[in-house]
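K.L.:
turn this into a model:
(2 chains)
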Amino acid sequence: MSIDIKNKFKAHLKQNAMIIALVSIVILFQITTNGILLKPLNVTNLILQNSYILVLAIGMLLAILSGGNIDLSVGSVAAFVGAISATLSVTFGLPTIPTIIISLFVGALVGVWQGYWIAYVRIPSFIATLAGMLVFRGLTMVILKGRTLAPYPLSYQKIASGFIPDIIGDGSGLHLTTIVIGILCSILYIFFMIKKRRSKKMFNFDVPSNFSFIISTGAMVVIINLFTVWLALYKGIPNVLLLLATLVLIYSYITNKTIIGRHIYAFGGNEKAARLSGVKTNRVLFGIYVNMAILAALAGIIFSGRLNAATPKAGNLFELDAIAACYIGGASATGGIGTIIGAIIGGLIMGVLNNGMSIMGVSIDWQQAIKGMVLLSAVAFDVYSKKRTK
Amino acid sequence: MSENILEMKNITKLFPGVKALDNVNLKVKQNQIHALVGENGAGKSTLMNVLSGVYPHGSYTGDIIYKGEVCEFKEITDSEKKGIVIIHQELALIPYLSIAENIFLGNEQANNGIINWDITLSKTIELLKKVGLTDNPNTHIHTIGVGKQQLVEIVKALAKDVKLLILDEPTAALNDDDSERLLDLLLELKNHGVTSIIISHKLNEITKVADEITVIRDGSTIETLVKGVDEITEDRIIQGMVGRELTDRYPVRENKNIGDIFFEVKNWNVFDSDTVDLQVLHNININVKRGEVVGIAGLMGAGRTEFAMSLFGRTFGSNISGSIIKDGKEIHIKDVPSAINHKIAYVTEDRKSAGLVLLDDIKRNITLANLAGISKNNIIDLNREIVVAEDYRKKMNIKSSSILQSTGNLSGGNQQKVVLSKWIFSNPDLLILDEPTRGIDVGAKYEIYTIINELISQGKSIIMISSELSEILGMCDRIYVMNEGYIVGEQDREVASQESIMRCIMQNKRRIHEY
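P.N.:
Okay, here's the model as predicted:
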């Protein structure tokens, strides 16, 4: 019995190691930046600065899950789509919504192109996407003729840098709509947790006691509301946060609860066994790369909107940040292990490191070195802990 | 007359859950060819791996006495230094290096790390002459045939100044001419002071070249036959290989109820997946009745797994022709999902690399082939999944801490039960079981046999592929014998015996080669 509890504790610790790491880093920088890190303005900035990397990390995680495949082309694809959206919007004056739809569609086409080579011709993803990285960077420069295209219409910029409108507030500094959304989310959360618990009881599974259920649900509700109140103290919820939250929910749902999600994990865990169990492995791999490119297009839209310009150098090294986010978040380099939320936490760890060190005035060169060490130690921790469980 | 170059005394080697070698003794005389025979899984290769240091000293018990001294090999290079070289069944040549580079790989003719190519080439030419090869030493290995590659392996051993050469199934992949050439070479090497141990299933070759024959069965030495002293015939060797009691190792099947023909394969021809002009399966016709266990016996490389996989969603082969008739209707199986839809299941030969997702837990492995069965609109009901997995864990007696234990940590027998659970949950009416009890202990084997009987009593049909003849005879109602891509015989359980099956394989081996 006591061994059981000990094991459970260990499992919990391992599961939450990345959250603990994130919280420790936040506390560390909160102290070293004299409290600037968690000021409402800076929290909002953190979200805006990292949104496109987090979007990429979601797609990258699926690729990594499928047997350690990566996509090196996402930064170039983001720039390419940015260039196309700028041409449509700035040069031709197309309205924002059709611009976005066409841009995402172009992303999908890029994905079909790369997915075909990777999934059906079986060119190693590293090579296929390395080629894509060069091709789409080149095409970006061709489209932009080496120049920067700007400015976008306001509605386009708002996707990346706007905030949800305060419909009920009086503009007195506190963003009331944000607080109301926080409360609504809490109610939804409580509702789903109760529903889940009921269904488990229906199957006669063990459920945590009422007391610990109330404590854990209550803690989550407090965190949600603290967060929204904090954002409300500045300008409220940024549009990208809404977008990001939706993506995280959808993709977590897909990976945890749908057949396609299960097939991705099985594929990454053992391709041969998955194929012989009826998983259409080529189709899964193809889908992963189409999805990745659509998310890269979305990241390109967000980045160009935030910058309010399409530049030939946009998205440089994004791919590496996204890949690092997944690995820091506990994804296995050989596939089959990793979660969406882990990748997000990994991305946030990188983001907080960047932001905290910048506030402290650490120079860019040192920032790079420190980030590299963090990546290495996160993966080393993972490898080490796996060896011990064996 | 001649003394022992090698003596292995009381060698015992344990694998988790299995006793692979049990007090094995082997004596090999200087300048002789010593053959090691036994069924698949009898322990021949394990014994040779112990000898050559693949399994280091300490991982087994017993003594190896080589040229009068006790040896404790920690790794292969230790045994090679003493002149013991093993040539494995799968050749260890690098396809895109030249003959010369391969021969001196790991044994480079170098000074301070700089290779002297003149010495390398002249030595290579000299060595190639010894085995009768006249190829250019700069030829890439992948451009020469398998027969020559096998000779290059031997040259590689000669380059290491081999005294005791071990060959594991050296002629398995060779045609008759190449085999002949290889055996002649062994006889010639014998006269030049090289002792050989040869593992082979080809008894006609063994009777031809071997001076002594040691028979291994179930991890124990049974007997050693000496040329000129004992009678050496194929029948005598087969008797030693298979002669064992069959009592109580197989559960009795009650209420046998075999129905009409349920599944039929007609004129099935398959070519290799990679080498597309190589025909692997020739005009195969088999049928399975409802409630029947049909066995496919044969040696390794007979094409049984390839046959099963080509049926199961064309996962092996190219240019497949022939028809499959199930329940009176011709069906077309284009991929694995359609095979599953046609209620066919295939339990793979190698459960670790092709049967399980080892990282994943028991639960997720059991439901993998039938996620639709626990889903609505492509959304998995995780609670029902737990119920299903728990159910199978109890029913199949999967010994584990919980359904959340990862399958990588289970014993072979329990892993196999998880694979079987997966396929039973996919609700098939025909199960193809490929070596369902390979590498698992006797107790778990019995449980698996019980599960097979249970499936049969539910009216399902089973095709069982096994290299263990006793298992085939213990479990099957009817037996097809397969060899080198052909069905070479069909025997009813009542008339079949281990000798009759083995004879069928051996005789047809000759006949096929005479074509």
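K.L.:
how many other residues sit next to residue 79?
P.N.:
Went with chain A since none was named. The criterion is other C-beta atoms under 10 Å in any protein chain shown. On that basis, A:A79 has 30 neighbouring residues. The C-beta positions use only the backbone N, C-alpha and C, and glycine is treated the same way.
K.L.:
actually it's chain B I care about, not the one you picked
P.N.:
B:S79 sits with 22 neighbouring residues when counted by other C-beta under 10 Å.
K.L.:
just the element for it, please.
P.N.:
With elements taken from DSSP states H and E, the one containing B:S79 is helix B:76-81.
K.L.:
outside of that helix, which residues touch it?
P.N.:
Contact with helix B:76-81 is made by B:51-54, B:71, B:73, B:85-86, B:160, as judged by C-beta atoms under 8 Å, 6 or more residues apart in numbering or on different chains.
K.L.:
among those residues, which are in strands?
P.N.:
B:71, B:85-86 (DSSP state E).
K.L.:
ok now the helix or strand that contains B:D118, how far from the chain's centre?
P.N.:
With elements taken from DSSP H and E, the one containing B:D118 is helix B:117-130. Mean-position distance between helix B:117-130 and its chain equals 35 Å (C-alpha atoms, centre = their mean, to the nearest Å).
K.L.:
what's that helix in contact with?
P.N.:
By C-beta under 8 Å, 6+ apart, the residues outside helix B:117-130 that reach it are B:99-101, B:103-104, B:108-109, B:134-135, B:137-138, B:155, B:158-159.
K.L.:
what helices and strands are in contact with the helix or strand where B:N49 lies?
P.N.:
B:N49 is part of helix B:44-52 when elements are defined by DSSP H and E. Using 3 or more C-beta pairs under 8 Å, 6 or more residues apart in numbering or on different chains; DSSP states H and E as the contact criterion, the secondary-structure elements in contact with helix B:44-52 are strand B:4-15, strand B:18-29, strand B:33-37, strand B:60-66, helix B:76-81, strand B:84-87, strand B:164-168, strand B:195-199.
K.L.:
ok so, going back, and the furthest pair within the contacts of helix B:117-130?
P.N.:
Greatest spatial distance among the contacts of helix B:117-130 (C-beta to C-beta): B:E108 and B:T134, at 23.7 Å.
K.L.:
higher neighbour count, these two?
P.N.:
A side-by-side neighbour count of B:E108 and B:T134, using other C-beta under 10 Å, places B:E108 first with 14 against 7.
K.L.:
what's around the spatially closest residue to the more buried one that is not a sequence neighbour, how many residues?
P.N.:
Nearest non-adjacent residue to B:E108, counting by C-beta to C-beta, 6 or more residues apart in numbering or on different chains: B:I115, 5.3 Å away. The local packing of B:I115 (other C-beta under 10 Å) involves 13 other residues.
K.L.:
pLDDT value on B:I115, please?
P.N.:
B:I115 carries a pLDDT score of 90 in this model.
K.L.:
residue contacts, A:D382?
P.N.:
With contact set as C-beta under 8 Å, 6+ apart, A:D382 has these partners: A:327, A:330, A:332.
K.L.:
so of these, which ones are in helices?
P.N.:
When those are checked against helices using DSSP state H, the ones located there are A:Y327.
K.L.:
now narrow the contacts of A:D382 to whatever sits close to chain B.
P.N.:
A:S332 (C-beta under 8 Å from any C-beta of the partner chain).
K.L.:
TSV for the contacts of A:D382, including distance to A:I181?
P.N.:
TSV is the format used below for the contacts of A:D382 (distance: C-beta to C-beta, whole Å):
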residue	distance to A:I181
A:Y327	33
A:G330	30
A:S332	36
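K.L.:
now B:Y346. Its backbone dihedrals?
P.N.:
Backbone torsions for B:Y346, taken as degrees, to the nearest 10, come to phi -130, psi 110.
K.L.:
report how many residues lie close to it.
P.N.:
Applying other C-beta under 10 Å, we find 28 other residues in the vicinity of B:Y346.
K.L.:
check what pLDDT whatever residue of the stretch 101-250 of chain B ends up closest to chain A gets.
P.N.:
With C-beta to the nearest C-beta, the shortest gap between the stretch 101-250 of chain B and chain A falls at B:H142, namely 20.4 Å. At B:H142 the predicted local distance difference test score is 86.
K.L.:
poorly predicted segments of chain A, please.
P.N.:
A:1-15, A:171, A:386-390 (pLDDT under 70).
K.L.:
redo that, cut-off 80
P.N.:
A:1-17, A:169-173, A:381-390 (pLDDT under 80).
K.L.:
spell out which parts of it neighbour chain B.
P.N.:
If contacts are counted using C-beta under 8 Å from any C-beta, the residues of chain A sitting beside chain B are A:199-200, A:202-203, A:205, A:256-260, A:262-263, A:265-266, A:269-270, A:272-280, A:332, A:336-337.
K.L.:
give me the subset of those lying in helices.
P.N.:
Among the residues of chain A next to chain B, the members falling in helices (DSSP H) are A:199-200, A:202, A:256-257, A:259-260, A:262-263, A:265-266, A:269, A:272-276.
K.L.:
so which residues on the stretch 251-400 of chain B come close to chain A?
P.N.:
Within the stretch 251-400 of chain B, the residues that sit near chain A (C-beta under 8 Å from any C-beta) are B:312, B:315, B:335-337, B:339-340, B:346, B:348, B:353-360, B:364, B:367-369, B:371-372, B:375, B:378-380, B:382-384, B:386-387.
K.L.:
one more time with 6 Å
P.N.:
Contact residues of the stretch 251-400 of chain B with respect to chain A, defined by C-beta under 6 Å from any C-beta of the partner chain, are listed as B:336-337, B:340, B:348, B:354-357, B:359-360, B:368-369, B:371, B:375, B:378-380, B:383.
K.L.:
so which residue is dead centre in the chain?
P.N.:
No chain in the question, so chain A it is. The C-alpha lying nearest the average C-alpha coordinate of chain A belongs to A:L54 (C-alpha atoms, centre = their mean; 2.8 Å).
K.L.:
other chain: chain B
P.N.:
The centroid of chain B falls nearest to B:M300 when counting by C-alpha atoms, centre = their mean (4.7 Å).
K.L.:
sorry, back to before: export the contacts of A:D382 to JSON lines and append columns for neighbour count.
P.N.:
Compiled in JSON lines, the contacts of A:D382 are given as follows (neighbours: other C-beta atoms under 10 Å in any protein chain shown):
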{"residue": "A:Y327", "neighbour count": "23"}
{"residue": "A:G330", "neighbour count": "23"}
{"residue": "A:S332", "neighbour count": "21"}
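K.L.:
nearest to chain B, of the contacts of A:D382?
P.N.:
A:S332 (7.9 Å).
K.L.:
which residue packs closest to that closest one, ignoring adjacent ones?
P.N.:
The shortest distance from A:S332 to any residue other than its chain neighbours is 6.3 Å, reached at A:G338 (C-beta to C-beta, 6+ apart).
K.L.:
distance check, the one you found against A:L22.
P.N.:
Separation of A:G338 from A:L22 (C-beta to C-beta, to the nearest Å): 16 Å.
K.L.:
re the thing from before, other residues contacting the helix holding B:N49?
P.N.:
B:11, B:13, B:20-21, B:24, B:36, B:38, B:55, B:60, B:76, B:79, B:84, B:86, B:166, B:168, B:199, B:216 (C-beta atoms under 6 Å, 6 or more residues apart in numbering or on different chains).
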